[in-house]
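Engineer: All I have is the shape, not the residue letters:
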């Protein structure tokens, strides 16, 4: 059974940085397109960033462009703002197309448990 595990959340002041890690296990040699989502209290889960399985394509929501960078196993977040406060979820999609980047939750097959990111003003 495939497991997705995030780590690296925490409390940071506005303008600071955090790096979230995401690892998959139990999938053997399968490759995955990856995505990050977040959910703030009282709000729906929203798309943050996605990466094609071979890494050639990435996609970001407008509010994080230029500040966040997705890689195969991490999400680097710079110049954090209080509005970035949320639980962050890593997701993996198997059998993805070569260039596919996916921005809706239903596209993904496996989810991590989430990690809290809190940005103070």
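Structural biologist: Cool, got the structure. No experiment lies behind these values; they were computed from the predicted model shown. Numbers count the residues shown, from 1 in each chain.
Engineer: Only C-alpha atoms from now on, for both contacts and neighbour counts.
Structural biologist: OK.
Engineer: mind listing the strands for this structure?
Structural biologist: Here the chain has its strands, by DSSP state E, at 3-7, 10-13, 18-25, 32-39, 46-51, 58-60, 68-70, 74-77, 86-94, 110-111, 115-120.
Engineer: possible to save these as CSV with distance to residue 101 and mean neighbour count?
Structural biologist: Conversion of these to CSV gives the following (distance: least, CA to CA, whole Å; neighbours: other CA atoms under 10 Å):
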stretch, distance to residue 101, mean neighbour count
strand 3-7, 18, 18
strand 10-13, 27, 15
strand 18-25, 17, 18
strand 32-39, 7, 25
strand 46-51, 6, 24
strand 58-60, 7, 20
strand 68-70, 12, 21
strand 74-77, 15, 20
strand 86-94, 10, 24
strand 110-111, 15, 20
strand 115-120, 22, 20
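Engineer: ok, so what distance separates the residue nearest the centre of the chain from residue 70?
Structural biologist: When the chain is reduced to its mean C-alpha position, the nearest residue by CA atoms, centre = their mean turns out to be residue 36, at 2.0 Å. With distances defined as CA to CA, to the nearest Å, the gap from residue 36 to residue 70 amounts to 8 Å.
Engineer: Mind listing the shared neighbours of the two?
Structural biologist: Here residue 36 and residue 70 have 49, 50 as joint contacts, going by CA atoms under 8 Å, 6 or more residues apart in numbering.
Engineer: ok, now which ones touch residue 103?
Structural biologist: For residue 103, the set of contacting residues under the criterion of CA under 8 Å, 6+ apart consists of 35, 47, 48, 49, 50.
Engineer: And these, which is closest to residue 104?
Structural biologist: When the contacts of residue 103 are compared for distance to residue 104 (CA to CA), residue 47 wins out at 6.7 Å.
Engineer: contacting residues around the closest one?
Structural biologist: For residue 47, the contacting residues are 35, 36, 37, 38, 60, 61, 103, 104, 105, taking CA under 8 Å, 6+ apart as the criterion.
Engineer: wait, doesn't the fourth one sit right on residue 83?
Structural biologist: No. Under the contact definition of CA atoms under 8 Å, residue 38 does not touch residue 83, with a separation of 11.2 Å.
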